[in-house]
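In: Provide a 3D model corresponding to the input given below.
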Amino acid sequence: MSESIDYTQLEDTELVAKSKDQDMQAYEELVARHRDKIYARAFSMMRNEEEALDMSQEAWVKGWQRLNQFHGQASFATWMTRITINLCLDLIRKKKRQRAESIEQLDDDLGGVERQMEVVETNPTEGLERQELRAKIDKALEQLSEAHRTAIVMHEFQQLEYKEIAKRMNCSIGTVMSRLFYARRRLASLLAGLKKKDEF
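Out: Next up is the predicted model:
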């Protein structure tokens, strides 16, 4: 019988190597070690708790997806910080762009009633496609553990903040982040599997 690994005793470099071999527990240990620092960096840029949590959450997902691009020139924490900064800068730029567009939109709206007449385009298959997608999502959700399913439903469908989810699930915000990270990854993989089945 192989002895169980105590991930807390491993160096970051060892955990990264195991994570590259798809060892989710090793990556969760990296998340647990560095999530406070990554969140602090996101918060220092966004100055908004919910946005900082979303950005740090997204950074961990990106980190997992891009692990093979990490070659150890800098520490893992420094590499993750760079990913976080880039994500935050992207969101800040996007918000500036949206603000500029909404000002232009306001100018357009004030330019005459005829411009405010909406063009309605009907797509008869759209409702059906949405129903089919919903059924696939429901099917995939059923395959998640109760804790992971609850976390993702509360965040994605009920639009609850991390704080509120943590309170309702009686766990820490860090645990909510870990559950959402795992649930999103598993859901994406299940939906991709369902899509492939449909193609045959």
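
In: got the contact list for the spatially closest residue to residue 57 that is not a sequence neighbour?
Out: Distances taken as Cβ to Cβ, 6 or more residues apart in numbering put residue 177 closest to residue 57, at 5.5 Å, once the chain neighbours are dropped. No exception for glycine: its C-beta is placed from N, CA and C like everyone else's. Applying Cβ atoms under 8 Å, 6 or more residues apart in numbering, we find residue 177 in contact with 31, 35, 53, 56, 57, 60, 162.

In: now residue 24. Nearest residue, chain neighbours left out?
Out: Excluding the flanking residues, the one nearest residue 24 by Cβ to Cβ, 6+ apart is residue 182, at 7.0 Å.

In: and the one you found, what element?
Out: Secondary structure assignment for residue 182, by DSSP states H and E: helix 173-199.

In: now swap in residue 160 and tell me
Out: Going by DSSP H and E, residue 160 is not in any helix or strand.

In: so what's the residue count around it?
Out: 17 (other Cβ atoms under 10 Å).

In: show the pLDDT at it.
Out: At residue 160, the model reports a pLDDT of 85.

In: contacts only, for it.
Out: Counted by Cβ under 8 Å, 6+ apart, residue 160 has contacts 154, 168.

In: mind running it again at 6 Å?
Out: residue 154 (Cβ atoms under 6 Å, 6 or more residues apart in numbering).

In: how about it, phi and psi?
Out: phi -80, psi 150 (degrees, to the nearest 10).

In: what's the mean pLDDT across stretch 142-155?
Out: Mean pLDDT, stretch 142-155: 87.

In: what's the answer for stretch 80-97, then?
Out: Rounded mean pLDDT across stretch 80-97 is 91.

In: helix, strand or coil for the residue positioned nearest the centre of the chain?
Out: The centre of the chain sits closest to residue 58, judged by Cα atoms, centre = their mean, with a distance of 4.1 Å. Of the three states, residue 58 takes helix under DSSP: H, G, I helix; E, B strand; the rest coil.

In: for it, which non-adjacent residue is spatially closest?
Out: Going by Cβ to Cβ, 6+ apart, residue 58 has residue 87 as its nearest residue, at 5.6 Å.

In: count of residues packed around that neighbour?
Out: Close neighbours of residue 87, defined as other Cβ under 10 Å, add up to 21.

In: quick one, helices of the protein?
Out: Here the chain has its helices, by DSSP state H, at 12-20, 24-46, 49-65, 76-109, 126-142, 146-152, 162-169, 173-199.

In: out of these, which gets nearest to residue 6?
Out: Smallest distance to residue 6 across these (Cβ to Cβ): 9.7 Å, for helix 24-46.

In: next one: that closest one to chain centre, how far?
Out: Here helix 24-46 is found 13 Å from its chain centre; the criterion is Cα atoms, centre = their mean, to the nearest Å.
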